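> Output the structure for:
(one chain, ligands or ions: 2)
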Amino acid sequence: MSNRPIVLGIVGDSAAGKTTLTKGIAQVLGEENVTVICTDDYHRYDRVQRKELGITALHPDCNYLDIMQQHLSLLRTGQPILKPVYSHNTGTFEPPQYIKPDKFVIVEGLLGYSTRGARDSYDVKVYLAPPESLRATWKVKRDTMKRGYTPEQVMGELQKREPDSEAFIRPQRQWSDIVVSFYPPREDAEESNSQQNLNVRLVLRPTIPHPGFTEIIQSNRANYTSPIRLELDRDMGKPVDVLEIDGHATKEDVIHLERMLCSEIPSLIPFCSTDSNPDLGKLVGTTGEILQSYPLALTQLLISYHMLKAARIV
Ligand SMILES: Nc1ncnc2c1ncn2[C@@H]1O[C@H](COP(=O)(O)OP(=O)(O)O)[C@@H](O)[C@H]1O
Ligand SMILES: O=C(COP(=O)(O)O)[C@H](O)[C@H](O)COP(=O)(O)O
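Ligands and ions are numbered 1, 2, ... in the order given. Here you go, the predicted structure:
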């Protein structure tokens, strides 16, 4: 067992699903073992100042990225930090927080892979990339319900942020080991956009050793219509494996994959199916409803697999 924390990065644009996935992974790893850091705390300006300056939270100049990087290096070696705190409720800063890292650290935020030094701090790097239309739906719902914005304000903000999303957020995809995209089965099905039965597309780069999916999928009636598919593709010009899991996959479809992931890592076994772990794949939807999805469950398990594997071999 490694004697330093294992660090997971979850990076993506606003409302891409970072907090939701972070909670799901912490649930599998055991919340008591996980320290969660949100890099929004490293904003340089509060909400009013950003408005006055005409700068978005996505811009590197709007964040203390040097301090974020220092803190990530400290956490990686097991040392404590005094972390700033940004409140999304008030849009202002609160007193700093003393944080001593647990066995696992999850760092979620907008610009986590934007500097070389920061990127060097992670054991596993995930990038979240839902289609932009789904992200907009999620952002409008969440920011109106939880952050006190009107729908018009959120749409305006998305528009204003687009150049910075393109320049600073989306390029970080290239640094990730896994790209996670939840998406509705049919792009034109507006009402399925935010809710149940989302599919997931998992881009697996050869930057970390992934489990041997090929075997299990081949032995398992894999074909183009199977709800679980493994394909070879390219992502940002580089060869990758892509694992697709459809929202309508049944328990029987996912069970082999769950067992395979868990058999390699004994400590995952108690958490590896919705029978033994009823909260696996559960999430709070944009209107507060509780959803459960196999695509999310398998995404949680795959990322937890990598965390536990890193903890054993480092
Ligand atoms: N996999 C998912 N399936 C369904 N809804 C999701 C999923 N991920 C996120 N959401 C919804 O989108 C909204 C934004 O997600 P959140 O995790 O807060 O994003 P971020 O932390 O990246 O800003 C949440 O309110 C949540 O209900
Ligand atoms: O883009 C984000 C990141 O949060 P998330 O990734 O959770 O959307 C927020 O808009 C900024 O942090 C500013 O916060 P606020 O808008 O609350 O002032």
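> need the residues of the chain near ligand 1, please.
Residues of the chain found near ligand 1 (Cβ under 6 Å from any ligand atom) are 12, 14-20, 138, 142, 182, 198, 283-286, 291, 296. For glycine as for every other residue, the C-beta is placed from the backbone atoms N, C-alpha and C.
> Around the residue of the chain found nearest ligand 2, how many other residues sit close by?
Going by Cβ to the nearest ligand atom, ligand 2 is nearest to Ser14 of the chain, at 3.2 Å. Number of residues near Ser14 (other Cβ atoms under 10 Å) recorded here: 22.
> can you give me how far stretch 154-161 is from the chain middle?
In terms of Cα atoms, centre = their mean, to the nearest Å, the centre of stretch 154-161 is found 22 Å from the chain centre.
> Please shift the residue numbers so they start at 42 in all later answers.
Will do, 42 is the new start, and the previous item becomes stretch 195-202.
> If you count neighbours, what's buried in it?
Within stretch 195-202, the residues that count as buried by 16 or more other Cβ atoms under 10 Å are Val195, Glu198, Leu199, Arg202.
> Filter the residues you listed down to just the ones in helices.
Counted as lying in helices by DSSP state H, out of the buried residues of stretch 195-202, are Val195, Glu198, Leu199, Arg202.
> Grab the nearest non-local neighbour of Ile286.
Using Cβ to Cβ, 6 or more residues apart in numbering and skipping residues adjacent in sequence, the residue nearest Ile286 is Pro336, 4.4 Å away.
> Are we agreed that Leu49 is in a helix?
No - under DSSP: H, G, I helix; E, B strand; the rest coil, Leu49 sits outside any helix and is assigned strand.
> okay, it: pLDDT?
Per-residue pLDDT puts Leu49 at 98.
> How is Thr60 assigned, secondary-structure-wise?
helix.
> Counting neighbours, what do you get for the closest residue to it other than its chain neighbours?
Nearest residue to Thr60 in three dimensions, chain neighbours excluded: Glu149, at 6.5 Å (Cβ to Cβ, 6+ apart). Per other Cβ under 10 Å, the neighbour tally for Glu149 reads 26.
> re the thing from before, which ones among the residues of the chain next to ligand 1 map onto strands?
Judged by DSSP state E, the subset of these located in strands is Gly53, Phe223, Leu324, Val325, Leu332.
> Same list, the residues you listed, but as TSV with pLDDT, neighbour count and distance to ligand 2 please.
As requested, those are exported to TSV (pLDDT from 0 to 100; neighbours: other Cβ atoms under 10 Å; distance: Cβ to the nearest ligand atom, whole Å):
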residue	pLDDT	neighbour count	distance to ligand 2
Gly53	98	27	8
Phe223	97	25	15
Leu324	88	19	15
Val325	85	12	14
Leu332	87	17	19
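> Which one of those residues is nearest to ligand 1?
Using Cβ to the nearest ligand atom, those come closest to ligand 1 at Phe223, 4.3 Å.
> Point out where the stretch 242-355 of the chain drops to low pLDDT.
In the predicted model, the stretch 242-355 of the chain carries pLDDT under 70 at residues 256-265, 354-355.
> All the strands of it, in order from the start?
All strands of the stretch 242-355 of the chain, identified by DSSP state E, counting those that start in this stretch, fall at 269-276, 279-286, 323-325, 331-333.
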